[in-house]
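>>> Just a sequence and a predicted model for now, questions to come.
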Amino acid sequence: MAKCLAKSTCPLSPANFSAKLSSRNKLLQKLSSSTTLDYLTVRKLQANSLNGCSLRAVPIQHGLASTTAVTPESTRKGSMPITIPTGPPLTPAEEAGQGVFINEGAESTVTITVVGASGDLAKKKIFPALFALYYEGCLPKHFTIYGYARSKMTDAELRNIISGKLTCRIDKSENCGDKTEEFLQRCFYHSGQYKSEDDFRELDKKLKEHETGRVANRLFYLSIPPNVFVDVARCASCSSSSANGWTRVIVEKPFGRDSESSAELTKGLKQYLSEEQIYRIDHYLGKELVENLSVLRFSNLVFEPLWSRQYIRNVQLIFSEDFGTEGRGGYFDNYGIIRDIMQNHLLQILALFAMETPVSLDGEDIRNEKVKVLRSMMPLQLENIVIGQYKSHVKGGVTYPGYTDDKTVPKNSLTPTFAAAALFIDNSRWDGVPFLMKAGKALHNRRTEIRVQFRHVPGNLYKKKFGTDLDRATNELVIRVQPDEAIYLKINNKIPGLGMRLDRSNLNLHYAARYSGEIPDAYERLLLDAIEGERRLFIRSDELDAAWSLFTPMLKELESKKVAPELYPYGSRGPVGAHYLAAKYNVRWGDTSADPQQQ
Ligand SMILES: NC(=O)C1=CN([C@@H]2O[C@H](COP(=O)(O)OP(=O)(O)OC[C@H]3O[C@@H](n4cnc5c(N)ncnc54)[C@H](OP(=O)(O)O)[C@@H]3O)[C@@H](O)[C@H]2O)C=CC1
Ligand SMILES: O=C1O[C@H](COP(=O)(O)O)[C@@H](O)[C@H](O)[C@H]1O
C-alpha cells in the first residue's frame, strides 16, 4: 500500500536507516517470540515514523505487523528492501497510554468483501463456498460478509439472490435451515463504483460498525473483470484497509493475457499492495486431487523413486468440458483455451508434478520449487501445438451451436477452443520426457486427469503374451481430478485359471467408495487459506512471470501468423491433429480408448 501510507522524505543516510531498522527488528523479534505482547510497546514501534522514511505495509499477524521498509536509496539501487514491522500512526488514545493487550488469544474479526457480488462467479462459487465454511464451523467466530458492486441492491435482495445457491452438505445436512438463516444474517451489501475511493470510504464506515473495536482483518475478493482490478486495489487499500489488522486481496484470473500485460497488472497492484497481500487464485490448486499430488508422490516409496525420465515415458495433462463457451464468448474470445486453461490450471499441475522435493511444506519453499521447474522448461515451439475450434453439430435431432454462432464472438474468430501441446523440461530429471497437454471445450465428456505412462519392463519375460502392442502393457498411473475423483494404477496380471493368459487391471482408489464425506469445493479450501494467511496454493508473481514467459512467444506467433484452428464437431473428441502431435513423440493419449474399462 505504498501510495497510501508513504511518508514524504527520508533524511537518514542509508547506513543510519539500516541501523535504526536493525535495532527495531531485534526488539520486535524478542517481543514476537513471547505470546503476550505489550500493546503499547508494539504500537509505538510500529508507528515510529523512522524520521519520515517510507514504509510499505502491512499484514498484521497476531497484532504484530511485519512488512517491508523501502528507503529511496534501497529502491534506487534495486537492493532488497529490509523487513521491519510497521503500522499506522498512534491514535490520541494510544499516545495517552490507553493501550490494550493483544496476544494470540485476542479476539479478532474477519470481514470478507466480495467485490463484484452481483456477478456469476460470486453467486455460483464464492458465496456458496463461504457458506460451506460457515456450515463446517471453519469461519472465525466474528465474521461479516459484504457484497460490493455497482448494481443497486438492498441487503435483503443480496440475501435473496445468494440463498438460492446455498446448499448444506448432503452427508451432514443437520440444522440446514437454521444455519442458512444465520449465515444470511451476516451478509450485507454496499453499492459503489469500482474507481471511487469515496464509495470505499463509505464501505469502511460500515465495516467498522461490524468490527466493534476488535482487531479487524479484512479480505477483499476481486470477482470482477480484470480492467478494474487495479482501481479496486487502490480504493480498497487507500480507503478501506484495516487500521489494526491484516488486509488481503484475492485476485481472480485472468492475470493479463501475455508477459507484458501481466507485468503491467502486477506493477499496478503492487503500487497499492505488497506481494504478501496479493492472493492470486488458481482454483485448480484447491482441488482435492491436485492437493493430493504431492502427498502421493512424496509420501509413498513406491512412487517417488520412479518419478523421473528413468521410469516415466510421458506425462499427460488432460482437460475437457462437454459444453461450449455460451454466455462467456465475449470474455473467451479475447483469451482462448491456451490462456484460459493451459497457461494456468494445467501448467500449475505440471509444476507441482515435476518440481524437485521442496525443503519443507512451507508455501515459499513449494513455490520456489515450482518457479525453478517452470524456468527450466524449453520454449514452446509452434510445431508442438495443435489448435482447434468447435463447429455446430446435430445429434439426436438437437443442434449444438458452433463457437462462432455465439453473438458475442466475431464470425471470423480464430480463437482456439481446443489445444494440444508438447512441452519439455530441460533438467536432469525430465530430459526428453514429453509432457503433453490437451484442453478443450464442447468435447464428448467433462474430465480433468493426469496420466503418467511408465516405460516398458526391460527384458519382459511375458512380452510374447502382449502381442505387438507393447505400449499397451506398460503401467499407467491415472489421477482423475474430476469428476468422480480417483487414483488408479494399471497393472498386468494373470487371469485366474490353468492357462497363462494376461489381463490389465486397475488398482483403484475410488474416492466415492473409500470416503463417505463430500469433497469440499476448491474455493472453500482457497478462501480458508487466504483467511488463515496460508499462501501455498496461491500464485506468486515470479511463478506468474515464468508461466507467461513460456507461453507468450508461441501465442504471439500463433496470432501474428493467423494460424487457423482445425474445426471439430461439438461433442466430438477434438481435432485429429492432437493424435499426430502425440504420435510424433511416440505417445498415445491415454483417454482415447473406446472401452471405458481400459481408460
Ligand atoms: N465465472 C466463472 O466461472 C469464472 C470467472 N473467473 C473470473 O472471475 C472474475 C469474475 O467473473 P464473473 O463473475 O463471471 O464476471 P461477471 O462478468 O459476472 O462480472 C462480475 C461483476 O462485475 C461487474 N462488471 C461486469 N462487467 C464490467 C465492466 N466492464 N466494468 C466494470 N464492472 C463490470 C458487474 O457488476 P456490477 O455491474 O453490479 O458492478 C458484474 O456483476 C473475472 O475476472 C473472471 O475472469 C475465473 C474463473 C471462472
Ligand atoms: O477457470 C476456468 O475454469 C473453468 C473450469 O473449472 P472447473 O472447476 O469447473 O473445472 C472453465 O470452465 C473456465 O472456462 C475457466 O475460465
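In hand now; what should we look at? Ligands and ions are numbered 1, 2, ... in the order given.
>>> which stretches of the stretch 51-200 of the chain form helices?
Taking DSSP state H, counting those that start in this stretch to define them, one finds helices in the stretch 51-200 of the chain at 72-77, 92-95, 120-121, 127-135, 155-163, 176-184, 197-211.
>>> Quick one, which of these gets closest to residue 113.
Closest approach to residue 113 among these is made by helix 197-211 (7.0 Å; Cβ to Cβ). C-beta: built from backbone N, CA, C; applies to glycine.
>>> pLDDT on the closest one, on average?
Summarised as a single mean, pLDDT over helix 197-211 is 96.
>>> Equivalent analysis for stretch 468-485, please.
Stretch 468-485 carries an average pLDDT of 92.
>>> and the helix or strand hosting residue 581, what other elements does it pack with?
Per DSSP states H and E: residue 581 is located in helix 577-584. When contacts are defined as 3 or more Cβ pairs under 8 Å, 6 or more residues apart in numbering; DSSP states H and E, helix 577-584 packs onto strand 385-391, strand 418-423, strand 435-440.
>>> give me the beta-bridge partners of residue 509?
Listed by DSSP bridges, the beta-bridge partners for residue 509 are residue 487.
>>> which parts of the stretch 151-300 of the chain sit against ligand 2?
residue 283 (Cβ under 6 Å from any ligand atom).
>>> now do the chain
283, 321, 340.
>>> Quick check: chain neighbours aside, which residue is closest to the last one?
Right, residue 340. Of all residues not flanking residue 340 in the chain, residue 332 sits nearest, at 6.6 Å (Cβ to Cβ, 6 or more residues apart in numbering).
>>> Wait, a helix at that neighbour?
Yes - the assignment for residue 332 by DSSP: H, G, I helix; E, B strand; the rest coil puts it in a helix.
>>> what's near enough to touch it?
325, 340, 409, 415, 417 (Cβ atoms under 8 Å, 6 or more residues apart in numbering).
>>> Tell me which residues touch the most centrally placed residue in the chain, please.
With distances taken as Cα atoms, centre = their mean, residue 282 lies nearest the centre of the chain, 2.0 Å away. Shown in contact with residue 282 (Cβ under 8 Å, 6+ apart): 253, 344, 345, 348, 537, 538, 539.
>>> Is the fifth one in contact with residue 529, as I believe?
Same thing as residue 537. Yes - assessed by Cβ atoms under 8 Å, residue 537 is found in contact with residue 529 at 5.7 Å.
>>> For residue 263, find the nearest of the helices of the stretch 51-200 of the chain.
helix 72-77 (17.7 Å).
>>> so what's whatever residue of the chain ends up closest to ligand 1 closest to, chain neighbours aside?
Closest residue of the chain to ligand 1, Cβ to the nearest ligand atom: residue 119 (2.4 Å). Spatial nearest neighbour of residue 119, excluding adjacent residues (Cβ to Cβ, 6+ apart): residue 223 at 5.7 Å.
>>> so who does that neighbour touch?
Per Cβ under 8 Å, 6+ apart, neighbours of residue 223: 114, 115, 116, 117, 119, 121, 122, 126, 252.
>>> Kindly recompute the last result at 7 Å.
114, 115, 116, 119, 121, 122, 126, 252 (Cβ atoms under 7 Å, 6 or more residues apart in numbering).
>>> Go through those residues and name the one nearest residue 357.
residue 252 (30.8 Å).
>>> where does this protein dip in pLDDT?
1-106, 594-599 (pLDDT under 70).
>>> Closest approach to ligand 2 from it, which residue is it?
residue 340 (4.8 Å).
>>> That residue should be in a strand, yeah?
No - counting by three-state DSSP, residue 340 falls outside a strand, being helix.
>>> give me the number of residues near it?
Residue 340 sits with 24 neighbouring residues when counted by other Cβ atoms under 10 Å.
>>> dump the residue contacts of the nearest residue to residue 375 once chain neighbours are set aside.
Spatially, and ignoring its direct neighbours in sequence, residue 375 is nearest to residue 546 (5.1 Å; Cβ to Cβ, 6+ apart). Listed by Cβ under 7 Å, 6+ apart, the contact partners of residue 546 are 371, 374, 375.
>>> Next, check those residues against the strands and list the overlap.
With strands identified by DSSP state E, none of the entries of those belong to them.
>>> filter those residues by proximity to ligand 1?
Within these, nothing lies near ligand 1 by Cβ under 6 Å from any ligand atom.
>>> any idea which of these is closest to residue 490?
Closest to residue 490, out of all of the contacts of residue 546 and judged by Cβ to Cβ, is residue 374, at 29.2 Å.
>>> Neighbours of the closest one, how many?
Residue 374, neighbours per other Cβ under 10 Å, totals 23.
>>> Look at the nearest residue to it once chain neighbours are set aside and tell me its secondary structure.
In space, residue 374 comes closest to residue 546 once its chain neighbours are excluded; the distance is 3.8 Å by Cβ to Cβ, 6+ apart. Following three-state DSSP, residue 546 is assigned to helix.
>>> start at 21 instead
Okay, residue one is now 21; in that scheme the one you just asked about reads as residue 566.
>>> So residue 566 versus residue 278, what's the distance?
If you measure residue 566 against residue 278 using Cβ to Cβ, to the nearest Å, the figure is 14 Å.
>>> Repeat that for residue 320.
Shown here: residue 320 relative to residue 278, a distance of 39 Å by Cβ to Cβ.
>>> If you count surrounding residues, which of these two has more?
It is residue 278, of residue 320 and residue 278, that has more neighbours when counted by other Cβ under 10 Å, with 17 against 11.
>>> interface residues of the stretch 221-370 of the chain facing ligand 1?
243, 244, 245, 246, 248, 272, 273, 274.
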